[in-house]
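Student: After the sequence you'll find the predicted model.
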Amino acid sequence: MTDTIRLSSLAPSTAAQKGSPPPVRKPHPLLRLLSYGRAYHRQMGLATLCSVLNQFFDLAPPFIIGAAIDIVAQRESRLINWFTVGDLGDLRTQFLILTGLSFLIWWLESAFEYAYARLWRNLAQNIEHDLRLDAYSHVQELETAYFEERSSGGLMAILNDDINQLERFLDIGANELIHVAATIIIISIAFVLLAPGIAWTAVLPMPFVIWGSLIFQRYLAPRYAEVRSKVSLLSGRLANNLGGMTTIKSFVTEDYEVERLRADSEAYRQSNFRAIALSAAFIPLIRNVILLGFAATLLFGGFQTADGLMSVGVYSMMVFLIQRLLWPLTRLGETMDQYQRAMASTNRVLDLLDTPIQIQSGTTPLVKEKVKGEIVLQDVTFAYHDRQPIIERLHLRIPAGQTIAIVGATGSGKSTLVKLLLRLYEIRSGVITLDGIDIRQLQLRDLRRAIGWVSQDVFLFHGTVGENIAYGSPGATLEEIVQAAQLAEAHEFIETLPRGYDTIVGERGQKLSGGQRQRLAIARAILKDPPILILDEATSAVDNETEAAIQRSLEKITRNRTTIAIAHRLSTIRDADQIYVMEQGRIAEFGDHDALLAKQGLYAALWRVQTGIRL
Ligand SMILES: Nc1ncnc2c1ncn2[C@@H]1O[C@H](COP(=O)(O)OP(=O)(O)OP(=O)(O)O)[C@@H](O)[C@H]1O
């Protein structure tokens, strides 16, 4: 059996949804993000304060301009008088004060700009870093079945693109939203305090802007969610194709694959078009709403100034301020865009983090060195998701330290059985014990540490030969690595590689042959020195001579440990203490080689076919 990764949407399959409880209403993604970033609330608060102060000083220049106009036009500034008590001296002194104030304001604005930029961007990095590690750690804990329902490219899109999307928003967008809010509040206060007669003109566009933004958000959110899900499918397709490039070439399906990619890319493009159509309308709409406020201030402020109810300086300041309101609000569209994308991504990342772990670890610790290795399966039934049972009411007892073999037709459930021992899947009923303890009670990591598994499809990591052998055995010395390689009959070929144990094996070990990869995997399991060894077709890709050599080493390796060997070539397991013949998820016969031959049953028939001997 191979662990296939199927291309499908990241959404759980309909079948998976059938039995699940009704969906719980989730809190708003922003609240979810804030609650996730609890550790950074202080930094967020400080960053927000710096953003607000920066905006406050950014809005101060119209005040200086207004004051300067008043000083020139009326010899005194109502704006300055408003803030100070007493005489500020002659005109020149007043200008000197204004100039000094300008310097102070500009410096403070710059200082807070530096502070908020650093704080927000560092915050983005911190949250991104935490989310990436948390999400990845969580994904590692999820059961194998979870990955079979999803595409690895889709998961990559969440772990990479979606998390980066948050960075983009936190870097710039969050600060912009705060700037807009601060601008609205500061300008409204300035109007109410300095020009109460026309304060309504500044407030006029606000309800429309807020209402418009909310409506806009409601329609844009699902469009961005669709964009994110389409990008997942696209990444899934790309990852799958890159992994199967040799197959594509050999089947000359390049054009077919381009077409399939075109369809996914087209779906992504169309979903983006739909989002763009709406998002691009926002700025022009908001600008027109702002125009209302600007025109009202210009007109009614002008009337009041002409009637002598307002000074020229205050009037100028108000006109400048309302202008200042215009620009951040028009940028709001872009910011909302970023915000919506970030929220769609937040949901996807946090949904992943909230995915329940189906296979929970037990609490009983297991010390590897103390494991005897007796394995018992009692009445075990197992079925893959949505399928008929593969293993039904199976009984099997493997005494500690024995070597047993499992043989049987392809698809009879041999690999599935060992995956159940590793708790990669959960059994439906029955019980599996190790040294008398139900494996569900054992700490999952301890259980897996006690088992050395050479699977049918060997996976090597990008790195050196030595690193791959030592994988799972941190602290192994080169001497131990070489010894394990010798026992696995791998040392000789490793020596012929360009850089010996330091040779890079390539992604998934693609620079090595199938047989070489298998031998590295055996060496890796030997080095781990587990009390239980599982060899699932471990030597299927090596030639007869190497296989015979490995068999000789295995005699040494399997001594004093429980070994389960799965093989199609019966010659490789004929010396096993017990041989179990599986047929459609059940044990059809068992015994040692001679006893099974004497039975003249399934095993004997298989043996005849493989050896060509008529018994
Ligand atoms: N992840 C899975 N999801 C659904 N069905 C699966 C899955 N893995 C295996 N199966 C099915 O379970 C059955 C048993 O598979 P398994 O890999 O255990 O067989 P096997 O005896 O090891 O076969 P082989 O000798 O070919 O390796 C097969 O019919 C297979 O299609």
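Tutor: Done, it's in.

Student: can you pull out the helices in the stretch 1-150 of the chain?
Tutor: 14-18, 29-36, 41-58, 61-74, 78-83, 91-141, 144-148 (DSSP state H, counting those that start in this stretch).

Student: Dig out what residue 394 forms beta bridges with.
Tutor: residue 380 (DSSP bridges).

Student: so it makes contact with residue 377?
Tutor: Yes. Using C-beta atoms under 8 Å, residue 394 is in contact with residue 377, at 5.6 Å. Bear in mind the C-beta positions are built from the backbone N, C-alpha and C, glycine included.

Student: list residues touching both of these two?
Tutor: Shared contacts of residue 394 and residue 377 (C-beta atoms under 8 Å, 6 or more residues apart in numbering): 417, 430.

Student: What average pLDDT does stretch 502-522 get?
Tutor: The average pLDDT within stretch 502-522 is 85.

Student: Show residues contacting it.
Tutor: Counting by C-beta under 8 Å, 6+ apart, stretch 502-522 makes contact with 454-455, 458-466, 468-469, 485, 487-490, 493-494, 497, 535, 538-543, 546, 550, all of which sit outside it.

Student: Can you select the buried ones from the residues you listed in ChimeraX?
Tutor: The buried residues among the contacts of stretch 502-522 can be selected in ChimeraX (16 or more other C-beta atoms under 10 Å) with this line:
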select :454,455,458,460,463,464,465,466,468,469,485,487,488,489,490,493,494,497,535,538,539,540,541,542,546,550
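
Student: Tell me, how many residues neighbour the closest residue to residue 37 other than its chain neighbours?
Tutor: Counting by C-beta to C-beta, 6 or more residues apart in numbering, residue 127 is the residue found nearest to residue 37 once chain neighbours are left out, at 5.3 Å. The local packing of residue 127 (other C-beta atoms under 10 Å) involves 21 other residues.

Student: Residue 127 contacts residue 40, correct?
Tutor: Yes. Here residue 127 reaches residue 40: they are 6.5 Å apart, a contact under C-beta under 8 Å.

Student: returning to that earlier point: go through the contacts of stretch 502-522 and flag which are in helices.
Tutor: Taking DSSP state H, the ones among the contacts of stretch 502-522 that sit in helices are 465-466, 468-469, 485, 487, 493-494, 546, 550.

Student: Write out the residues of the stretch 501-615 of the chain neighbouring the ligand.
Tutor: Contact residues, the stretch 501-615 of the chain versus the ligand (C-beta under 6 Å from any ligand atom): none.

Student: Recalculate using a threshold of 8 Å.
Tutor: Counting by C-beta under 8 Å from any ligand atom, the stretch 501-615 of the chain comes close to the ligand at 536-537, 566, 568, 582, 585.

Student: repeat for the stretch 101-250 of the chain
Tutor: So far as C-beta under 8 Å from any ligand atom goes, the stretch 101-250 of the chain lies against the ligand at 144-145, 148.

Student: From residue 362, how far off is residue 329?
Tutor: 57 Å (C-beta to C-beta, to the nearest Å).

Student: quick one, which of the two is more surrounded?
Tutor: Neighbours were counted for residue 329 and for residue 362 using other C-beta under 10 Å; residue 329 has more, 23 against 17.

Student: Quick check: the more buried one touching residue 210?
Tutor: No. Checked against C-beta under 8 Å, the pair residue 329 and residue 210 is beyond contact range at 10.5 Å.

Student: Domain boundaries for this structure, per the record?
Tutor: 29-353, 368-611 (automatic domain parsing).

Student: Where among the ones you listed is average confidence lowest?
Tutor: Among the domains of the chain, domain 29-353 carries the lowest mean pLDDT (a mean of 85).

Student: Ends of that one, what's the gap?
Tutor: 13 Å (C-alpha to C-alpha, to the nearest Å).

Student: residue boundaries of the strands in the stretch 401-550 of the chain?
Tutor: 403-408, 429-434, 437-438, 451-454, 532-536 (DSSP state E, counting those that start in this stretch).

Student: tell me the centre residue of this structure?
Tutor: Centroid-nearest residue in the chain: residue 159, 2.5 Å away (criterion: C-alpha atoms, centre = their mean).

Student: For that residue, which residues are in contact?
Tutor: Per C-beta under 8 Å, 6+ apart, neighbours of residue 159: 132, 135-136, 139, 352.

Student: Between these, which sits nearest residue 387?
Tutor: Of all these, residue 139 has the smallest distance to residue 387: 24.2 Å, by C-beta to C-beta.

Student: Leaving out chain neighbours, which residue sits closest to that closest one?
Tutor: Residue 139 sits nearest to residue 155 (C-beta to C-beta, 6+ apart), 6.6 Å away.

Student: any idea how far residue 162 is from that neighbour?
Tutor: For residue 155 relative to residue 162 (C-beta to C-beta), the value is 10 Å.

Student: One more: residue 243?
Tutor: Taking C-beta to C-beta, one finds residue 243 at 21 Å from residue 162.

Student: between the two, who's got more neighbours?
Tutor: residue 162 (25 against 14).

Student: Help me confirm that that one comes into contact with residue 349.
Tutor: Yes. The criterion here is C-beta under 8 Å, and residue 162 meets it with residue 349 at 5.1 Å.

Student: residue contacts, residue 480?
Tutor: 473, 527.

Student: ok, now which ones touch residue 132?
Tutor: Counting by C-beta under 8 Å, 6+ apart, residue 132 touches 159, 163.

Student: for residue 428, same thing?
Tutor: 381-383, 389.

Student: The ligand versus the residue of the chain most remote from its centre, what's the distance?
Tutor: Farthest-out residue of the chain from its mean C-alpha position, per C-alpha atoms, centre = their mean: residue 90, at 66.1 Å. Distance, residue 90 to the ligand, using C-beta to the nearest ligand atom, to the nearest Å: 89 Å.

Student: and what of residue 590?
Tutor: From residue 590 to the ligand the distance is 16 Å (C-beta to the nearest ligand atom).

Student: neighbours around that residue, how many?
Tutor: Neighbours around residue 590, by other C-beta under 10 Å: 18.

Student: did I read that right, it in a strand?
Tutor: Yes. According to DSSP: H, G, I helix; E, B strand; the rest coil, residue 590 belongs to a strand.

Student: That one is in contact with residue 579, isn't it?
Tutor: Yes. Applying C-beta under 8 Å, one finds residue 590 in contact with residue 579, separated by 6.5 Å.

Student: Pull up the overlap in contacts between those two.
Tutor: By C-beta under 8 Å, 6+ apart, residue 590 and residue 579 have these common neighbours: residue 596.

Student: where along the stretch 151-300 of the chain do the helices fall?
Tutor: Going by DSSP H, counting those that start in this stretch, the stretch 151-300 of the chain shows helices at 152-156, 163-168, 174-194, 199-203, 205-243, 245-250, 254-306.

Student: Can you mark which positions in the first one are buried?
Tutor: Along helix 152-156, these residues count as buried under the neighbour rule (16+ other C-beta under 10 Å): 152-156.

Student: Which elements pack onto that helix?
Tutor: On a contact count with 3 or more C-beta pairs under 8 Å, 6 or more residues apart in numbering; DSSP states H and E, helix 152-156 meets helix 205-243.
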